[in-house]
Structure formats: structure tokens, C-alpha cells
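>>> everything below, folded, please.
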Amino acid sequence: MVSGKNPTTSGMMCFMGRVVETGGMGRASANGNPGHAIRIFDLPFRGERIDRHQTSARNPMHILMVAPEPIFEPRGTPFSVVGRLKALSDMGHMVDLATYPLGGDVTFPGLRVFRTPPIPGIRKIKIGPSAAKLPLDFCLMILTLIRLIRRRYDLIHTHEEAGFWGTVFSRCFGIPHVYDMHSSLPQQLRNFEFSKSVWLHRLFVSIERWMLKYASAVITICPDLYDQVKRQSPDRGSVLIENVIDYAEVFGAVCDPGQIQNRHALRGKCVALYTGTFEPYQGLDLLIQSAEIVLRKHPEVLFLLVGGHPDQVRQYEASVRSRKIEKQVVLTGQVPPHEIPAYMACSHLLLSPRISGTNTPLKIYSYLRSGIPVVATRILTHTQVLDDSVAELTDPTPSAFAAGMLRVLEDPAHAKRLTRNAAALSERKYSTAVYLEKFRKTLALALERGIS
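You can find the predicted model right below:
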């Protein structure tokens, strides 16, 4: 990444941050030219529309995407954002991504990344709402405005809370707006216990309804969110696009499963794998308790838990040691995303012990197409995609989850039926081709509806 420099915008450059432009082969270059500058007086305002008679979802567009996330860090919404970027690049669109100064670089053909300046004292942000996001979001809002002033875009595509200022700027500049609704914002306030204020919750409910009302199109990532949108804004153009992108293709690099086997001494072991974050709702405590039960009967099983920040890993390592199963439960910490398929290839069982939430975990879609049996808890976050024909579903208790793992381990015919049905479901409903077609439909819908 390089710092963008342009003498014509010195007053604004503090908000431009780092810029990277991707060439045709996906390699980063130092060309930070942000494009043709236009005066704010040339822009259409509320009630006016840019003439887009030559623009369609299948013709190349110039899109401004706004992601209030660390792009890239290996966790839910950043994975989803990168999947959207890859899809837009594959369709031939040009994307300017405005995002935080945190996370690793991403490069795709036609992509330029604009980052806000670093804020002293903020080196990482936790999952969910946090006070640290307030100054980051303010800077990102200013950066969004600068990008809209500096060039004419065909579409604005926002994620999470950026939908708020995306809706405002969409109406001011006369540009269709796609709101990517990864979660319900007022629901997040409660789920992450950010605030118990009734007034703050009501404010976020009102803001969310307003965003849904005026978005040109809304993307939801799971059936529960889709139903919420339909209840709140039944006439709003919304499309359900599950996060089914194959991230092995997105990140390109290939890791040999043999390297993973050697790294963790997996040869000859029966490996039960968990991948993901270590947040409380993921159910790691439940998993460790159920692992203890399984190991009493099958000490040859090795539980491999991939993910987590260092402090979280230390916390669960202490839990494992207290149960005297540290040799059979290995915590790796975070690994590069391109290594995850190799970890899965070394495994005999894939686990999703989540205990709360409604959004379907991204890993479920890669689990389905893996050819490896899945054990998951029987809660809405899973059952809106999985059923008993494609996964071993259990109550969210240690004894039930352990029983589910034991059934799959001890009944090869049952395990084979699950994987066969899972692969068929993945091909039918959750393939990359289906994802891309739904995305094209969303872009076409946004252009057709224009500004509400």
C-alpha cells in the first residue's frame, strides 16, 4: 500500500489514507490516482438522477463500496465483503473500496482500496458494536463523501452501519444504493450488550427502518434477516444472498494438507475440527466440555480448534488443561485463510457448536461441500440452512453434542449419507453460480429502482 498524493486535494488528503490499485492480473500497484475530479456543483441532488441509460448490471460499472470493517481480518463480515469484491471483479465491474485503516491488503482486478487515516490508540476493533468504531466511522463517512465528490459512480454499495450515511449520500448525489445487511443493528446492540438504553435501541430501530425504506436494494445473508426485512419493508427490493463463496478460490494460494498434518502431528489421528472466531456465542465452552465426554470413549480423537485472538486462545488453553485433555485438544490460534481448506482436508468431523444468534455461520457453506460429516447445534442459526438429512443436529448441551459426535464417528453409513446429501444440497442451492446470479439480480434491481 502507498500513500495517495494529489496536490489538487491537499485539504482533503488527510482522509484519503492509503490507496492501492489492482491491475488486470490482480497485482497491487502504486498508482493511487483517484480518478477524474468533479465539482460538487456538477452533482445531482435529491430528486434528480444521473442518466444511466447505458448502465446495467451486466455492463461494467464503477461502484463505491463502503465497509466499516477491518478489511481484511479473518472473521464473518470481512469474509463476506471480500466475497462481494471478488464477485464484482469477476463480473468486470470497477470498485473503489472505502474502509478502515486496519487489516491486511486485498487485491482483485479493477479494485482500488482507500483507507481512512490511522487513529492513535486504535489498533484493532472487537466484533460487534464498540466505542472504537465511532471515530473510525466518522472518518469513513468523510472519506465516502470525498470519493463521491471526486468522481461519478454508478452505484453505492454499503455494509452494516455505513448504510446510514450511504442512504443520505445516495439521495444527495442521485446514485442508487445497495445496502448489504449482514445483521440487524438494534439486535447487535442487545446481543453484544453494548448498551441497555431503551432510547438508544429505539433510535437504532428507527434508523434501520429508514435505511430499509430508502435503499434501492437490500442484501440479506440468511433467511431470518430476509424475513425481518419483509416484515419491516414489504415493498422493499430485497434479495437473500447466502455467503457461499468458495474462499479457497478467493484467496488463491494453496496449502498442502501434508504440511498441516506435519505441523500438528495429525497422521493416524481422527481429527474433529472447529474453525472460526472464539466469541462467547460460538460455543467453545460447550465444545470443550463435549470433547471431554467423547475422549473418555475414543481417546484417539484429536480436537483441532482453529481461530481466536491470543488472549482467547490462552483462556481456552487454561480450560483444556484444567480438564487434563491438553494433549487431545489443540488450539492453533488464527491461521491464514488459504490454509483452512487444508485443515478441513485433514479432518474426519466438522463442528459448529454455536449457542446463540440467528445469522448462519459462513463456515457452514464450506462444510456442506467438503465431503466431511458435520455436527452442529439445533438452533435457528443452523436450522435455516441445515436439517437432519445433511448434518447431525443436536441440542446445545455438552452431553447432546458429544452424543452427536459419537454417532457420526461410530456409524460410517450414517456419516456417508450425511455427506452425500450435504453435497447435493450445496450444489443445488449454495453454489458459486447461484451466488453470482443472485448478485447480478440485486445490481439490476438497484439500477431499476433508482432513488426512492
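>>> Val271: neighbouring residues, count only.
When neighbours are counted by other C-beta atoms under 10 Å, Val271 registers 21. All C-beta spots, glycine's among them, are computed from the backbone N, C-alpha and C.
>>> let me fix that, I meant to ask about Pro310.
Neighbourhood size, Pro310 [other C-beta under 10 Å]: 9.
>>> that one contacts Gly333, correct?
Yes. In this structure, Pro310 is within contact of Gly333 by C-beta atoms under 8 Å, at 6.6 Å.
>>> show me what contacts Gln334?
By C-beta atoms under 8 Å, 6 or more residues apart in numbering, the contact set of Gln334 is Pro74, Val306, Gly307, Gly308, His309.
>>> the third one and Thr275 touch, don't they?
Yes. The criterion here is C-beta under 8 Å, and Gly307 meets it with Thr275 at 5.9 Å.
>>> quickly list what's touching both of the two.
Here Gly307 and Thr275 share no contacting residue, scored by C-beta under 8 Å, 6+ apart.
>>> which residues of the chain score low on pLDDT?
Within the chain, the segments meeting pLDDT under 70 span 1-58, 189, 191-195, 234-236, 252-253, 452.
>>> just give me the closest of the contacts of Gln334 to Ser216.
Distance to Ser216 across these (C-beta to C-beta) is lowest for Pro74, with 30.7 Å.
>>> what count of nearby residues applies to the closest one?
For Pro74, the neighbour count with other C-beta under 10 Å is 22.
>>> identify the residue spatially nearest to it, adjacent ones excluded.
Among residues not flanking Pro74 along the chain, Pro337 sits closest, at 5.2 Å (C-beta to C-beta, 6 or more residues apart in numbering).
>>> would you agree the one you found is in contact with Tyr247?
Yes. Using C-beta under 8 Å, Pro337 is in contact with Tyr247, at 5.8 Å.
>>> shared neighbours of the two, anything?
The contact lists of Pro337 and Tyr247 share Phe79, where a contact means C-beta under 8 Å, 6+ apart.
>>> so what's the residue nearest to Pro74 up against?
Pro337 neighbours (C-beta under 8 Å, 6+ apart): Pro74, Phe79, Tyr247, Val250, Phe251.
>>> now distance to Ile146 and secondary structure too, for those, in TSV please.
Output for the contacts of Pro337, formatted as TSV (distance: C-beta to C-beta, whole Å; DSSP: H, G, I helix; E, B strand; the rest coil):
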residue	distance to Ile146	secondary structure
Pro74	29	coil
Phe79	27	helix
Tyr247	31	helix
Val250	28	helix
Phe251	30	helix
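>>> from those, which is closest to Leu349?
Comparing those against Leu349 with C-beta to C-beta places Tyr247 closest, at 20.5 Å.
>>> for Ser366, see how far away that closest one is.
Using C-beta to C-beta, to the nearest Å, Tyr247 is found at 7 Å from Ser366.
>>> now the common contact residues for these two.
With C-beta under 8 Å, 6+ apart, Tyr247 and Ser366 have common neighbours Ile340.
>>> spell out which residues make up each domain of the chain.
2-244+434-449, 255-430 (automatic domain parsing).
>>> ends of the last one, what's the gap?
Terminal residues of domain 255-430 lie 24 Å apart, using C-alpha to C-alpha, to the nearest Å.
>>> so Trp165 sits against Ile142, correct?
No. Applying C-beta under 8 Å as the test, Trp165 and Ile142 come out as separate, 9.4 Å apart.
>>> those two: which is more packed in?
Taking neighbours as other C-beta under 10 Å, Trp165 and Ile142 compare with Trp165 leading, 22 against 16.
>>> ok, Ala400 - contacts?
Applying C-beta under 8 Å, 6+ apart to Ala400 gives the contacts Thr394.
>>> so where does it fall, helix or strand?
Assigned by DSSP states H and E, Ala400 falls within helix 398-410.
>>> check Phe303 too.
Assigned by DSSP H and E, Phe303 belongs to strand 301-306.
>>> the helix or strand just after that strand packs against which elements?
Once the chain leaves strand 301-306, the next helix or strand it forms, by DSSP H and E, is helix 310-322. Counting contacts by 3 or more C-beta pairs under 8 Å, 6 or more residues apart in numbering; DSSP states H and E, helix 310-322 packs against helix 284-297, strand 329-333.
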